[in-house]
Each structure stands twice: as structure tokens, then as C-alpha cells.
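Engineer: Have a look at this prediction, sequence included:
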Amino acid sequence: MTAVSRSLHHHARSRAADRLVVGLSGLATFLILCMLVVIVADVVIGGSQVISWEFVSAAPREGMTAGGIFPAIFGTVALTLLMTIAAVPAGVITAIYLVEYASPQSRLARLVRVCIANLAGVPSIVFGLFGLGFFVSTVGKSIDTAVYDGRLTYGKPSLVWAALTLAILTLPVVVVATEEALRAVPKDLRDASIALGATKFQTIVRVLLPEALGGILTGGILAVSRGAGEVAPIMFTGAAYFLPYLPTNLNDQFMNLGYHVYVLATQSPDVDRTKPLLYGTVLVLLVLTFSLNLVAILIRMRTRRRPRA
């Protein structure tokens, strides 16, 4: 009876501990959801008062206390596209090398992984200073000297330098996501492809990449959604305080939604008049980033349901 009693007591304590863990986990989840709901509700209530066709299609005017934010939307989209073109191919190629070509004892592969881990932990403001010092002051001025006879053309903050800076910032996300997607492909598919006479390159292009496409696209879109909301890296490399026209060249400056929010919140001469515009800009930025994340979720769900060939 004593042993049975001890067993029942131990079982009751285990169940009580399980209930405690479940309760704490549920409480933490509830608090996080409450904070998210409060933040989103505040932005939606404040931003819905100014959202209109004119707000999303017009340029700012009267010292950014009136008008719209179309130049900021256009600049954000252009910056995101250029960043994607630069970051995603480089990240995918790096991940393919690390997973498929580099040996486990490769010093170069270990060095690349260490660099990727360090890049993921670097504060975003450091990327901005790096972009200013390397892309703008070094690469841009070298291009001006070699091609434009010293005329100031690319040796200044511009769209292309901001996009490349964000590409370096988001590169670790793409590399890690692609690595995990490639490792998730069964080894049997690799062996079967090589057994049928395909080369390693053909196996990667025709078998591995199609199978890992969902994870690669998901990582790329998540990287894009992060880059679209970054402000610190572009403050020194291309974002403009006030620019009521659209950039037409890679060496033009541009307006950005995230930087526009920062300017409205800290540099406005009339806080009361710009507060509704601030909420509206934040709402548009949230809709953009949430849409990118939703696209990533839908792509992942669709690729998981796709039957294997």
C-alpha cells in the first residue's frame, strides 16, 4: 500500500506540474496576443481616419503635414525589389555550396557559417554605417573617378546602395532558410537522380531546388518583409527626408515608409497635424509587411500539399 500511495502521489504531482506548465504557456500566449491586438487596433483606429485614395496616390506637401505618401510607397517597393534581386540569388547559391559541395571538414564552409552567424547578430545601424563607408564612399566614388571623370554621380547616398546594404542585412535569413529546405529533401532523391546518370549540377537544378522551392521562397519572403521595415541601414545610404517626386535612376535618393514614419514622429514642426498622417503611414507599412508574411504562409502550405513527383 505504501508503494501504491507513493506512486499515486507522484502521479498527482506530475499532473499538477503539467497543468501548471500548460497554464503558464497559455497565459504567455494570451498576453502576447493581447499586446498584438492592442497595437494593431490602435494603429487601425488612428490610421483609418486618413486612409483614402488621395493619401496613397498623392505626394506629401505643406511640410509633410498634408498630401499623401505615394513617393514613400514607390520607394519602399523599388528598394525591396532591388534588395530581393541582390539577396535571394546570393543566399541560395551560398546555401547550395554549404549543403551540397562543401565537405564537413571544410575550413571555408566553417568560416562562411561563422560569418553568417555574426551577420545575423550585427545591429542594423552598423549595416548603415558600413554601407555609407563601403558602398557610398569607396565603391561609389571609385565609379565616379573611373567612369564620370570625378563628377558626383554614384558617390552619394542612393537607391542602389541602400538596396545592397539591406541585401547584406537579410542575407543570413535567406541562407539559413535555404539550407534547412535543402536538408529536408530526402537523400533517396539525390541517390536516385545520380544513379540514373544525372550530374550533381543537374540533380541540384532538376530535383533538389524544385523540392525545396517552398522553403526557399518562404525564407526569401520573410527576408523581404524584414528588409521592408528596416530604417537604420537606409538612413545613411539613400533615404530622403522629403522628396515629392519618384526616383528614376539607381543613383537617385528615395522616400521610404519606415523612414517617413521616423521623420513624422521626430522631425515634424507640427505634431498635431502630422499625427493622423503618422498613423496612416504605419498602417500602410503594417499592411505591406503582413501581406508579405501571409504570402509566405500560403506558399508554404501550397508546397506542402503538392504531391511528390
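Structural biologist: Nice, I can see it.

Engineer: F134 versus T145, what's the distance?
Structural biologist: 16 Å (CB to CB, to the nearest Å). (Glycine included, C-beta is placed from N, CA and C.)

Engineer: and K187, how far is that from T203?
Structural biologist: Distance, K187 to T203, by CB to CB: 11 Å.

Engineer: Compare the two (neighbour count), which wins?
Structural biologist: Set K187 next to T203 and count neighbours by other CB atoms under 10 Å: T203 wins out with 19 against 8.

Engineer: The nearest residue to that one once chain neighbours are set aside: which element?
Structural biologist: Nearest non-adjacent residue to T203, counting by CB to CB, 6 or more residues apart in numbering: S193, 4.2 Å away. Assigned by DSSP states H and E, S193 falls within helix 187-195.

Engineer: Tell me the buried residues in the next helix or strand after that helix?
Structural biologist: For helix 187-195, the succeeding helix or strand toward the C-terminus, using DSSP H and E, is helix 200-203. Using 16 or more other CB atoms under 10 Å as the test for burial, helix 200-203 gives T203.

Engineer: Which secondary structure elements does helix 200-203 sit against?
Structural biologist: When contacts are defined as 3 or more CB pairs under 8 Å, 6 or more residues apart in numbering; DSSP states H and E, helix 200-203 packs onto helix 187-195.

Engineer: who's in contact with the element among helices and strands of the chain having the smallest mean pLDDT?
Structural biologist: In the chain, the helix or strand scored least confidently by mean pLDDT, DSSP states H and E is strand 66-67, which has a mean of 73. Contacting residues not belonging to strand 66-67 are listed as E54, A58, A59, P60, R61, P244, R273, L277 [CB atoms under 8 Å, 6 or more residues apart in numbering].

Engineer: Could you do stretch 253-260 as well?
Structural biologist: With contact meaning CB under 8 Å, 6+ apart, stretch 253-260 is reached by 69, 71-76, 78-79, 157-159, 162, 228-231, 234-235, 238-240, 242-243, 247, 281, 284-285, 288.

Engineer: So which of the residues you listed belong to helices?
Structural biologist: 71-76, 78-79, 159, 162, 228, 234-235, 281, 284-285, 288 (DSSP state H).

Engineer: what's the next secondary structure element after the top helix by length along the chain?
Structural biologist: Criterion DSSP H: the longest helix present in the chain is helix 2-47. With elements assigned by DSSP H and E, the helix or strand that comes after helix 2-47 is helix 53-57.

Engineer: So what are the sheet partners of the helix or strand just after that next one and their directions?
Structural biologist: As assigned by DSSP H and E, the chain's next helix or strand after helix 53-57 is strand 60-61. If you go by DSSP bridges, strand 60-61 pairs up with strand 66-67 (antiparallel).

Engineer: Now do the partner strand: distance to the chain's middle.
Structural biologist: 29 Å (CA atoms, centre = their mean, to the nearest Å).

Engineer: what do you get for stretch 40-56?
Structural biologist: 24 Å.

Engineer: Could you do stretch 272-282 as well?
Structural biologist: Using CA atoms, centre = their mean, the offset of stretch 272-282 from its chain centre is 24 Å.

Engineer: So which bits of that stretch are buried?
Structural biologist: T274, P276, L277, L278, Y279, G280, T281, V282.

Engineer: Dump those residues to a markdown table, plus distance to V37 and pLDDT.
Structural biologist: Shown next, in a markdown table, are these (distance: CB to CB, whole Å; pLDDT from 0 to 100):
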| residue | distance to V37 | pLDDT |
| --- | --- | --- |
| T274 | 26 | 79 |
| P276 | 22 | 81 |
| L277 | 24 | 84 |
| L278 | 20 | 85 |
| Y279 | 17 | 87 |
| G280 | 20 | 87 |
| T281 | 21 | 87 |
| V282 | 16 | 88 |
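
Engineer: quick check, nearest of these to G215?
Structural biologist: V282 (30.7 Å; CB to CB).
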